[in-house]
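Enquirer: next come a sequence and a model predicted from it.
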Amino acid sequence: MEKVVLVTGANSGIGLALCERLLSQDSGVRLCLACRNSGRAEAARSALLTSHPGARVDLLDLDVGSVRSVLRAAQEVKARYPRLDHLYLNAGIMPNPHVDIKAFFKGLFSSKAVQMFSTAEGLLTQQDRTTADGLQEVFTTNLFGHFLLVRELEVLLCGAGRPSQVVWTSSSNALRSAFSLEDLQHAAGTEPYSSSKYASDLLSLALNRHHNAQVSPKTPYPGPLSPKTPGPRTPQPVDPLDPPDPGPLSPKTPGPRTPQPVDPRTQDPSAPRPPDPGPLSSRPPGPRTPQPLDPRTPQPQDPRTQDPSAPRPPDPSAPRPPDPSAPRPPTQDPSAPRPQDPSARRPPYPGGLLPRTPQPVDPCTQDPSARRPPVPRTPQPVDPRTQDPSARRPPVPRTPQAQDPRTQDPSAVDPLYPECLLPRTPQPHDPRTPQPLDPLPRTPQPLDPLYPGPLSPKTPLPRTPQPLDPRTQDPSGLFSSVICPGLVMTNLTYGILPSFFWTLLMPIMWFIRIFTNTLTLTPYNGAEALNWLFLQEPESLDARAKYHSMTSGLGKNYTQPRQMDIDEETSEALYGKLLELETVIRRRIREGPDRL
Ligand SMILES: NC(=O)C1=CN([C@@H]2O[C@H](COP(=O)(O)OP(=O)(O)OC[C@H]3O[C@@H](n4cnc5c(N)ncnc54)[C@H](OP(=O)(O)O)[C@@H]3O)[C@@H](O)[C@H]2O)C=CC1
Ligand SMILES: CC(C)CCC[C@@H](C)[C@H]1CC[C@H]2C3=CC[C@H]4[C@H](C)C(=O)CC[C@]4(C)[C@H]3CC[C@]12C
């Protein structure tokens, strides 16, 4: 059956490179590019159709920084597609970045130089602002808008007897130190980007807890893996007060699959190589040239405050020759105030007025059509990295060519993260025959898009570990994952420094690349983990892993899972707070003058 894939922020950078890669390997995929600027979206679509004539590429008008836009776009998606197979939450911003140059030079000559280039920890601050909805812009764009989108699209993601994948483009700049439950939107801090990305890591875990049987709400987080101790952990005894629910066995669900780094081009030599994406910013691996500098003038204006019909500078995704040395127009002074819509100058959202009780909702119980069998609670196999190896689990299927990239390519070892997780079995890609989609929505629409219905009682926090049994996993459900694209040269990164600095920095970056595989540098490479996830069975993925796109010094791309520095309690608390905020925002919109 045709797979429907929606990508936010698909008109440039990593999002566009992902679309290119998906079409290259699966001509049957139906893409929906969700973008805020129709001109740039059209340009991206034309570029994709030029390299893939006949591909199905739809456009969706979506500004994830605007609540109304998200709600409208979600309605449109529900009207267009009967289900969604993959939802890539990729759009992101880092407005008004400021680099601490002193810290940079200090770090450059320290033992932390490589790490500094990978995470930018201690280097970057941003100046955020509030949106017309009274929310912090970075929080809304990078997290909350996407959260609302997932909530709105739950009916397309949770049902139909097939699992759906939600994938967050996070970052290695997702910093626990920047995140606070007391200031979710990071209104008081100077690292909203790091905060929002860390929040996405937490939220992904929470989504899994609430929407699939993979992470049982009762399964406690075993704690972040220490870099030196990736070994198994001892399972906790089952709480006699809270025994597992045997639940119905599902014969359909396959055993656990352990994903492995997959490079479709290198895995199977007979497999067709993706064609050169040509003018697109993505490039096949090999000797890489840094992506061309964005010839477009940085856009200081919020598109919501701009006249949409006003001409914009040339689109970055438009075909252009790669020329890393091409001069860029002067970058906006990060310290200069950004032009703002007067309506956007509202004070930040008064968090203190929020209702108290978080009410997580399982959408599959909200919408009768999306209702699925109860989540099984029988013992299930567990992630071998986090649990006792003596625990019962069926044998993990391993395909012969599924090798650890570290053993395939010695240069692929990242000295920063030698503890990378166990290899997983690659999922052979199943090219499916394209089938026309039913143009009519088959999924019943909620009566009021703003009010999805009564909320279910608060889900309890984890108490006892429940080993998971793959035989009882629900075949449908929403599976959320997080990726890190590495350091990629895109509009976002080029916006951080004037082009002069980048020209100076590029040789250093190519040198540093010898020591770390996280400098993926091109959008094509950065999209590796996103593309790899597309090929996996969602049930096989690790809810606590962040899947990193990696590129070795020799230009080999692979995906490496690493445990995230997150905990269940914080994840659950964040989820509850986001639901509270959603309730308030929905009410505000319903009562506002221009309700949907
Ligand atoms: N580049 C890097 O090194 C890294 C990037 N990332 C993440 O990767 C993701 C993609 O960024 P990248 O490709 O690098 O940068 P780009 O700036 O090239 O891409 C960002 C995309 O998001 C879109 N976007 C931004 N705001 C909105 C909005 N409100 N509504 C809809 N779309 C929006 C942009 O659209 P428009 O063209 O209209 O602005 C653009 O298409 C981001 O989430 C970023 O945080 C993570 C780690 C590293
Ligand atoms: C001469 C100096 C002023 C040079 C400053 C260098 C910095 C501008 C860059 C060094 C490391 C870069 C980054 C690292 C991590 C990225 C992260 C994963 C992400 O999500 C977005 C971009 C990065 C923060 C990126 C940004 C530029 C650097 C800070």
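Expert: Received the coordinates, thanks. Ligands and ions are numbered 1, 2, ... in the order given.
Enquirer: which strand residues bridge Y88?
Expert: Bridge pairing for Y88 (DSSP bridges) gives the partners V7, V167.
Enquirer: isn't it up against V167?
Expert: Yes. With contacts counted by C-beta atoms under 8 Å, Y88 reaches V167, the gap being 5.0 Å. Every C-beta, even on glycine, is put in place using the N, C-alpha and C of the backbone.
Enquirer: looking at the two, which one has more neighbours?
Expert: The neighbour comparison of Y88 against V167 (other C-beta atoms under 10 Å) goes to Y88, with 30 against 26.
Enquirer: the more buried one: what's it in contact with?
Expert: Applying C-beta atoms under 8 Å, 6 or more residues apart in numbering, one finds that Y88 lies in contact with V5, L6, V7, T8, A10, G15, L18, V167, T169, L530.
Enquirer: how near is it to ligand 1?
Expert: The gap separating Y88 from ligand 1 is 10 Å, by C-beta to the nearest ligand atom, to the nearest Å.
Enquirer: over to S118?
Expert: Plainly put, S118 is 10 Å away from ligand 1 if you go by C-beta to the nearest ligand atom.
Enquirer: go on, Q536?
Expert: Applying C-beta to the nearest ligand atom, the value for Q536 to ligand 1 is 20 Å.
Enquirer: and if you look at S196?
Expert: Applying C-beta to the nearest ligand atom, the value for S196 to ligand 1 is 8 Å.
Enquirer: now G555
Expert: Separation of G555 from ligand 1 (C-beta to the nearest ligand atom): 18 Å.
Enquirer: hang on, the earlier thing: distance to ligand 2 added to the contacts of Y88, as CSV?
Expert: Shown next, in CSV, are these (distance: C-beta to the nearest ligand atom, whole Å):
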residue, distance to ligand 2
V5, 23
L6, 22
V7, 18
T8, 16
A10, 18
G15, 14
L18, 16
V167, 16
T169, 9
L530, 14
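Enquirer: any of those residues buried? List them.
Expert: V5, L6, V7, T8, A10, G15, L18, V167, T169, L530 (16 or more other C-beta atoms under 10 Å).
Enquirer: what's the fifth one sitting at in phi/psi?
Expert: The phi and psi values for A10, taken as degrees, to the nearest 10, are phi -90, psi 0.
Enquirer: now do the shared contacts for Y88 and V167.
Expert: Contact criterion C-beta under 8 Å, 6+ apart; residues bridging Y88 and V167 by contacting each: L530.
Enquirer: returning to what we had before: which one of the buried ones among the contacts of Y88 is nearest to ligand 1?
Expert: For the buried ones among the contacts of Y88, the residue nearest ligand 1 by C-beta to the nearest ligand atom is T169; the value is 4.2 Å.
Enquirer: which residues touch the nearest residue to that closest one once chain neighbours are set aside?
Expert: Distance criterion C-beta to C-beta, 6 or more residues apart in numbering; nearest residue to T169, sequence neighbours excluded, is N90 at 4.3 Å. Shown in contact with N90 (C-beta under 8 Å, 6+ apart): V7, T8, G9, A10, I14, G15, L18, V167, T169, L530.
Enquirer: surely the first one meets A17?
Expert: Put plainly, it is V7. No. Between V7 and A17 there is no contact under C-beta under 8 Å: 10.3 Å.
Enquirer: what packs against the helix or strand encompassing Q165?
Expert: Assigned by DSSP states H and E, Q165 belongs to strand 163-169. Applying 3 or more C-beta pairs under 8 Å, 6 or more residues apart in numbering; DSSP states H and E, we find strand 163-169 packed against strand 86-89, helix 154-158, helix 192-211, strand 477-484, helix 528-534.
Enquirer: least confident of those, on average?
Expert: Sorting these by mean pLDDT places helix 154-158 lowest, at a mean of 92.
Enquirer: for that helix, list the C-alpha coordinates in CSV.
Expert: What follows is helix 154-158, C-alpha atoms only, in CSV (Å, rounded to 0.1, in the frame of the first residue of the first chain):
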residue,chain,number,x,y,z
GLU,A,154,-3.7,11.0,16.2
VAL,A,155,-6.7,9.6,14.4
LEU,A,156,-4.6,9.1,11.3
LEU,A,157,-1.6,7.8,13.2
CYS,A,158,-3.1,5.5,15.7
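Enquirer: where exactly do the strands run in the chain?
Expert: 4-8, 30-35, 56-61, 86-89, 97-99, 124-126, 163-169, 477-484, 545-551, 557-563 (DSSP state E).
Enquirer: and the nearest residue to A206 once chain neighbours are set aside, what's its pLDDT?
Expert: Residue nearest to A206 in three dimensions, not counting chain neighbours: Y575, with 3.7 Å by C-beta to C-beta, 6+ apart. In this model, Y575 is scored at 98, pLDDT.
Enquirer: with A391 instead?
Expert: On the pLDDT scale, A391 gets 33.
Enquirer: is any part of stretch 121-130 close to ligand 1?
Expert: No. Stretch 121-130 lies apart from ligand 1 when judged by C-beta under 6 Å from any ligand atom; the minimum separation is 11.3 Å.
Enquirer: what's the end-to-end length of that stretch?
Expert: End-to-end span of stretch 121-130 (C-alpha to C-alpha, to the nearest Å): 24 Å.
Enquirer: what does the protein have sitting close to ligand 1?
Expert: 8-9, 11-15, 35-37, 40, 62-65, 90-93, 141, 169, 171, 485, 487-488, 490-493.
Enquirer: change it to 5 Å
Expert: Taking C-beta under 5 Å from any ligand atom as the contact definition, the chain meets ligand 1 at 9, 11-14, 36-37, 63-65, 91-93, 141, 169, 171, 485, 487-488, 490-493.
Enquirer: what stretches of the stretch 101-250 of the chain score poorly on pLDDT?
Expert: 160, 214-250 (pLDDT under 70).
Enquirer: 90 instead, please
Expert: 108, 112-115, 117-118, 158-162, 212-250 (pLDDT under 90).
Enquirer: the strand holding Q165 vs strand 477-484, what angle?
Expert: 20 degrees (axes from the mean of the first three to the mean of the last three C-alpha atoms, to 10 degrees).
Enquirer: state the distance from E528 to M564.
Expert: Using C-beta to C-beta, to the nearest Å, we find E528 at a distance of 18 Å from M564.
Enquirer: neighbour count: those two, which is higher?
Expert: Using other C-beta under 10 Å as the criterion, E528 and M564 rank with E528 on top: 31 against 25.
Enquirer: number of residues surrounding S194?
Expert: Using other C-beta under 10 Å, the number of residues around S194 comes to 28.
Enquirer: got the contact list for the residue in the stretch 151-300 of the chain positioned nearest to ligand 2?
Expert: When distances are taken as C-beta to the nearest ligand atom, the stretch 151-300 of the chain reaches nearest to ligand 2 at S171, 3.2 Å away. Contact analysis of S171 by C-beta under 8 Å, 6+ apart lists Y193, S194, K197, C484, P485.
Enquirer: closest to ligand 1 among these?
Expert: P485 (4.9 Å).
Enquirer: quick one: contacts for the closest residue to the closest one other than its chain neighbours?
Expert: Distances taken as C-beta to C-beta, 6+ apart put G526 closest to P485, at 3.4 Å, once the chain neighbours are dropped. For G526, the contact set (C-beta under 8 Å, 6+ apart) comprises G13, I14, A17, P485, G486, V488, T490, T520, S549.
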